[in-house]
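1. Just a sequence and a predicted model for now, questions to come.
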Amino acid sequence: MSTEEIIDEARAAVAAGRSPDWKALRDRLRALGGDQREALRRLERVGAVQRARASVVPAAPPPAAPASRPALLRSRATVTGNMDVRRGDGTTLTWAREPKIVTWELRISERHDPRGDYEVRETGELAGDATGVELPLGDTPLRVHLLGRDRGGRLVRRAIVSGLTRETWADRWQRRASAS
(Lines give C-alpha, C1' and ligand atoms only; values in the text may rest on other atoms or scores of the structure.)
Protein backbone atom coordinates (compact mmCIF):
# COMPACT_ATOMS: atom_id res chain seq x y z
CA MET A 1 0.00 0.00 0.00
CA SER A 2 1.39 3.42 -0.92
CA THR A 3 1.44 6.73 0.93
CA GLU A 4 -1.25 8.13 -1.39
CA GLU A 5 -3.60 5.22 -0.73
CA ILE A 6 -3.31 5.65 3.05
CA ILE A 7 -4.00 9.40 2.83
CA ASP A 8 -6.90 8.80 0.38
CA GLU A 9 -8.36 6.28 2.84
CA ALA A 10 -8.26 8.95 5.60
CA ARG A 11 -9.87 11.53 3.28
CA ALA A 12 -12.66 9.11 2.32
CA ALA A 13 -13.40 8.36 5.98
CA VAL A 14 -13.55 12.08 6.84
CA ALA A 15 -15.73 12.82 3.81
CA ALA A 16 -18.13 10.05 4.88
CA GLY A 17 -18.40 11.62 8.35
CA ARG A 18 -16.45 8.86 10.11
CA SER A 19 -13.48 9.37 12.39
CA PRO A 20 -10.58 7.23 11.15
CA ASP A 21 -8.11 5.57 13.51
CA TRP A 22 -5.40 8.23 13.27
CA LYS A 23 -2.81 6.25 15.25
CA ALA A 24 -3.19 3.22 13.00
CA LEU A 25 -2.83 5.41 9.87
CA ARG A 26 0.34 7.06 11.23
CA ASP A 27 1.79 3.65 12.13
CA ARG A 28 1.05 2.36 8.60
CA LEU A 29 2.80 5.40 7.09
CA ARG A 30 5.88 4.87 9.29
CA ALA A 31 5.90 1.15 8.42
CA LEU A 32 6.45 2.09 4.74
CA GLY A 33 9.94 3.20 5.73
CA GLY A 34 11.95 6.14 4.56
CA ASP A 35 11.33 9.81 5.37
CA GLN A 36 7.55 10.10 5.85
CA ARG A 37 7.49 13.62 7.38
CA GLU A 38 5.67 15.13 4.37
CA ALA A 39 3.10 12.29 4.36
CA LEU A 40 2.51 12.72 8.11
CA ARG A 41 1.97 16.48 7.61
CA ARG A 42 -0.59 15.75 4.86
CA LEU A 43 -2.33 13.26 7.15
CA GLU A 44 -2.36 15.90 9.89
CA ARG A 45 -4.09 18.37 7.50
CA VAL A 46 -6.78 15.78 6.78
CA GLY A 47 -7.20 15.44 10.56
CA ALA A 48 -7.51 19.24 10.84
CA VAL A 49 -10.31 19.18 8.28
CA GLN A 50 -12.07 16.46 10.27
CA ARG A 51 -11.75 18.48 13.54
CA ALA A 52 -12.99 21.65 11.80
CA ARG A 53 -16.05 19.84 10.44
CA ALA A 54 -16.80 18.45 13.91
CA SER A 55 -16.57 21.90 15.49
CA VAL A 56 -19.14 23.42 13.14
CA VAL A 57 -22.65 22.92 14.49
CA PRO A 58 -24.95 21.82 11.69
CA ALA A 59 -27.83 24.19 11.00
CA ALA A 60 -30.99 23.21 12.82
CA PRO A 61 -33.71 21.97 10.51
CA PRO A 62 -36.52 24.48 10.05
CA PRO A 63 -39.41 23.96 12.46
CA ALA A 64 -42.12 21.72 11.13
CA ALA A 65 -45.28 23.44 9.98
CA PRO A 66 -48.14 23.00 12.44
CA ALA A 67 -50.46 20.14 11.57
CA SER A 68 -53.53 22.30 11.73
CA ARG A 69 -53.57 26.03 11.57
CA PRO A 70 -54.92 27.64 14.76
CA ALA A 71 -57.83 29.99 14.49
CA LEU A 72 -56.73 33.55 13.82
CA LEU A 73 -59.45 34.96 16.02
CA ARG A 74 -60.40 32.84 19.01
CA SER A 75 -63.46 33.94 20.90
CA ARG A 76 -63.99 33.33 24.58
CA ALA A 77 -67.26 31.85 25.77
CA THR A 78 -69.38 34.62 27.32
CA VAL A 79 -72.51 34.43 29.49
CA THR A 80 -74.98 37.33 29.73
CA GLY A 81 -78.36 37.35 31.46
CA ASN A 82 -80.20 37.36 34.75
CA MET A 83 -79.82 33.66 35.53
CA ASP A 84 -76.94 31.29 36.17
CA VAL A 85 -76.11 28.68 33.52
CA ARG A 86 -73.15 26.31 33.68
CA ARG A 87 -71.59 23.20 32.20
CA GLY A 88 -73.15 19.87 33.05
CA ASP A 89 -72.12 16.34 32.06
CA GLY A 90 -70.61 16.08 28.58
CA THR A 91 -71.83 19.03 26.53
CA THR A 92 -74.98 19.73 28.56
CA LEU A 93 -75.86 23.30 29.48
CA THR A 94 -77.60 23.29 32.88
CA TRP A 95 -79.48 25.80 35.06
CA ALA A 96 -81.50 25.80 38.28
CA ARG A 97 -85.23 25.06 38.30
CA GLU A 98 -87.38 28.20 38.46
CA PRO A 99 -90.96 27.74 39.79
CA LYS A 100 -92.39 30.76 37.92
CA ILE A 101 -91.29 29.48 34.51
CA VAL A 102 -93.92 27.65 32.44
CA THR A 103 -91.89 27.31 29.25
CA TRP A 104 -88.32 27.78 28.11
CA GLU A 105 -87.61 29.11 24.62
CA LEU A 106 -84.32 27.80 23.21
CA ARG A 107 -82.56 29.26 20.18
CA ILE A 108 -79.18 27.98 18.95
CA SER A 109 -77.30 30.11 16.41
CA GLU A 110 -74.04 29.45 14.61
CA ARG A 111 -71.33 31.77 13.26
CA HIS A 112 -69.31 30.48 10.30
CA ASP A 113 -67.14 33.59 9.91
CA PRO A 114 -65.39 35.17 12.93
CA ARG A 115 -66.55 38.61 11.80
CA GLY A 116 -69.98 37.56 10.59
CA ASP A 117 -73.31 37.45 12.37
CA TYR A 118 -74.78 34.44 14.12
CA GLU A 119 -77.34 32.59 11.98
CA VAL A 120 -80.18 30.69 13.65
CA ARG A 121 -79.55 26.97 13.43
CA GLU A 122 -82.45 25.61 15.46
CA THR A 123 -85.22 26.77 17.79
CA GLY A 124 -87.42 24.93 20.22
CA GLU A 125 -89.37 24.96 23.45
CA LEU A 126 -88.67 23.09 26.66
CA ALA A 127 -91.01 22.37 29.55
CA GLY A 128 -90.87 24.73 32.53
CA ASP A 129 -89.32 22.07 34.77
CA ALA A 130 -86.39 21.44 32.37
CA THR A 131 -82.95 22.11 33.84
CA GLY A 132 -80.59 21.25 30.99
CA VAL A 133 -80.09 20.86 27.27
CA GLU A 134 -77.49 18.93 25.24
CA LEU A 135 -75.60 21.23 22.84
CA PRO A 136 -74.30 20.18 19.40
CA LEU A 137 -70.79 21.61 19.83
CA GLY A 138 -68.40 21.68 16.90
CA ASP A 139 -65.63 23.86 15.51
CA THR A 140 -67.86 26.84 14.68
CA PRO A 141 -68.96 29.10 17.55
CA LEU A 142 -72.51 28.75 18.87
CA ARG A 143 -74.73 31.27 20.61
CA VAL A 144 -77.47 29.86 22.86
CA HIS A 145 -80.48 31.98 23.88
CA LEU A 146 -82.43 30.55 26.80
CA LEU A 147 -85.58 32.53 27.62
CA GLY A 148 -87.89 31.58 30.52
CA ARG A 149 -91.51 32.82 30.33
CA ASP A 150 -94.28 32.79 32.95
CA ARG A 151 -98.01 31.95 32.45
CA GLY A 152 -98.72 35.36 30.90
CA GLY A 153 -95.85 35.00 28.39
CA ARG A 154 -93.77 37.59 30.19
CA LEU A 155 -89.99 37.11 30.06
CA VAL A 156 -88.81 36.25 33.59
CA ARG A 157 -85.36 34.71 33.12
CA ARG A 158 -82.89 34.86 30.28
CA ALA A 159 -79.35 33.76 29.50
CA ILE A 160 -77.27 34.20 26.37
CA VAL A 161 -74.12 32.13 26.01
CA SER A 162 -71.91 33.11 23.05
CA GLY A 163 -68.73 31.68 21.56
CA LEU A 164 -69.22 28.04 22.52
CA THR A 165 -67.13 25.48 20.64
CA ARG A 166 -65.64 22.11 21.53
CA GLU A 167 -62.40 23.98 22.22
CA THR A 168 -63.85 26.71 24.47
CA TRP A 169 -66.34 24.47 26.31
CA ALA A 170 -63.90 23.53 29.09
CA ASP A 171 -62.37 27.03 29.38
CA ARG A 172 -63.48 29.52 31.98
CA TRP A 173 -66.53 31.42 30.75
CA GLN A 174 -66.59 35.18 30.94
CA ARG A 175 -69.62 36.57 32.81
CA ARG A 176 -71.08 39.90 31.75
CA ALA A 177 -73.56 41.98 33.67
CA SER A 178 -77.09 42.22 32.38
CA ALA A 179 -79.34 45.27 32.33
CA SER A 180 -82.29 43.29 33.68
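-> Okay, I see it.

2. and Arg143, how many neighbours does it have?
-> Number of residues near Arg143 (other Cβ atoms under 10 Å) recorded here: 20. C-beta: built from backbone N, CA, C; applies to glycine.

3. who's in contact with it?
-> Contact partners of Arg143, counting by Cβ atoms under 8 Å, 6 or more residues apart in numbering, are 108-111, 118, 160-164.

4. Tell me the one of the residues you listed nearest Asp84?
-> Val161 (11.3 Å; Cβ to Cβ).

5. Which pLDDT value belongs to the closest one?
-> At Val161, the model reports a pLDDT of 94.

6. and if you look at Arg74?
-> At Arg74, the model reports a pLDDT of 63.

7. which is the next helix or strand following the strand or helix carrying Arg45?
-> Arg45 is part of helix 37-55, with elements assigned from DSSP states H and E. Next helix or strand after helix 37-55 toward the C-terminus (DSSP H and E): strand 78-81.

8. If you tally nearby residues, what's the number for Gln50?
-> 20.

9. Which pair of the contacts of Arg143 spans the longest distance?
-> Distance extremes for those: the farthest pair is Glu110 and Ile160 at 14.3 Å, using Cβ to Cβ.
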